[in-house]
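> What follows is a predicted structure for the sequence shown.
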Amino acid sequence: MTESLHLPAARVRAAALALPGSKSISNRTLLLAALSENSCEIRSLLKSDDTDRMLDALHALGIKTETAASGSLRVHGCGGRFPAQKADLFLGNAGTAFRPLTAALALLGGDYRLHGVPRMHQRPIGDLTDALRVAGANIDFLGENGFPPLHIGAFADTGADIIPVRGNVSSQFLTALLMALPLTRRARTIEVQGELISRPYIDITLNLLQQFGVMVAHDDYRRFRIPADARYTAPAVINVEGDASGASYFLAAGLLGGAAVRVCGVGKQSIQGDTAFARELEKIGANVVWGDDFIEVSRDAAQPVRPFDLDANHIPDAAMTLAVVALATGGTCAIRNIASWRVKETDRIAAMATELRKLGAAVEELPDAIIITPPPRLNAGVAIDTYDDHRMAMCFSLVSLLGVPVVINDPDCVAKTFPDYFERFAALTD
């Protein structure tokens, strides 16, 4: 393992790069393919720690897969019933694996233990388990109430037809229910209580459900109606889009450095809400070009990077990148409506505030917001702690484009979603 990585002050050069597959799409697609009644070829699947944890779990549950010479993966579906009725599943810190698998296994029933790294055991799941119990699931907490690890037992399909779930902690809870409830073959309604955060991630889920043959209607994202006798049927081939969240670092580099940076694999036809990050860059000084399968960002030399005050509810992951972009604005910036940062791979509001202060910024940390005032001059050579959080490492790499060197501790944490990120970043700079 690499303990730290020194990034010298660097300039961005004009470049184009192909993105790795989206984590959100990859893990959803793997689970839906596994639950389908037929086989499916998945192309451009992300290879990372998070997808490895999902694949390990699916294999333990009896799902067969084959990797082709081209790198595509063929998944043989189980027809909505996993062959293994008992398993011990380690899911690391992969929320996109842990939450949907919890729901699917709970509504199928069996004898399953789900656990992860210590941080996963600090990430709340009680809102999801409460909803699953209403549907008839048998779930026990093996540690602290409301948190993993979990034990899942037999499912009693005598639960309610209307399933309430809170929407203001994590959109992954609603995603998990949307993916799992069709397995019961009963018509059910999910009612969202409170504000639904990260709505674009729900759009990803609904789009993929449709591609796998299940149409879910909704009333302005307040009620979702699961049809009776739903069955997953996989497309013969499905292509995973490039990672729009991962694109944010390179698009921000185009803004900060000025040279045109193009990311390929995601564009104006994308189903990912994080493409809206490019529109936020445009508001603060970027030139943005949209293609069907690419986004390109640059900035005129005479155009400053403008301060911003953003409600980031629609792009919570990509908005982390803007916290470092704020250092280039010369004015106070605010990123609001980001309470979900608190329950991610780390408490991202606290972590971001701590590391920005090392660079000399004045930071106000609120329960659901962060307010950043950049210093007249950044502190050089600062060692940034990354908290085993891939996005912290990738965000702070951008400091090297602001005229000062920076050290990234534990750079290998990017393996969670983007294993070769720093090689790609180095190829972008002179």
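Okay, I see it.

> Tell me the helices and strands packed up against the helix or strand residue 113 falls within.
Assessed by DSSP states H and E, residue 113 sits inside strand 111-115. Counting contacts by 3 or more C-beta pairs under 8 Å, 6 or more residues apart in numbering; DSSP states H and E, strand 111-115 packs against strand 86-90, helix 95-108, strand 150-152. All C-beta atoms are positioned from the backbone trio N, CA, C, and that covers glycine.

> Residues contacting it, please?
Residues from elsewhere that reach strand 111-115 (C-beta atoms under 8 Å, 6 or more residues apart in numbering): 85-91, 98, 101-102, 105, 121, 142, 148-153.

> if we can go back for a sec, among the helices and strands packed on strand 111-115, which is the most enclosed?
When these are scored by mean count of other C-beta atoms under 10 Å, the highest mean neighbour count falls to helix 95-108 (a mean of 26).

> and that helix, average pLDDT?
Helix 95-108 shows a mean pLDDT of 97 in the predicted model.

> ok and that helix relative to strand 86-90, angle-wise?
Inter-element angle recorded for helix 95-108 and strand 86-90: 160 degrees (by axes from the mean of the first three to the mean of the last three C-alpha atoms, to 10 degrees).

> Show the low-confidence segments of this protein, by residue range.
In the predicted model of the chain, residues 1 satisfy pLDDT under 70.

> swap the cut-off to 90 and go again
Counting by pLDDT under 90, the chain shows low-confidence ranges at 1-2, 69-70, 157-159, 430.

> Can you show me the helices along it?
Using DSSP state H, the helices of the chain run over 23-34, 49-60, 95-108, 126-134, 171-180, 199-211, 244-257, 276-283, 316-325, 348-358, 390-397, 421-427.

> Pipe the ones you listed into TSV and attach distance to residue 370 per row.
Shown next, in TSV, are these (distance: least, C-beta to C-beta, whole Å):
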stretch	distance to residue 370
helix 23-34	23
helix 49-60	25
helix 95-108	21
helix 126-134	24
helix 171-180	20
helix 199-211	21
helix 244-257	16
helix 276-283	15
helix 316-325	6
helix 348-358	5
helix 390-397	12
helix 421-427	23
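
> Can I get the helices and strands packed on strand 111-115 in TSV including distance to residue 35?
Formatted as TSV, the helices and strands packed on strand 111-115 follow (distance: least, C-beta to C-beta, whole Å):
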stretch	distance to residue 35
strand 86-90	15
helix 95-108	7
strand 150-152	16
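
> Can you say which of those is nearest to residue 252?
Closest to residue 252 of the helices and strands packed on strand 111-115, according to C-beta to C-beta: helix 95-108, at 23.1 Å.
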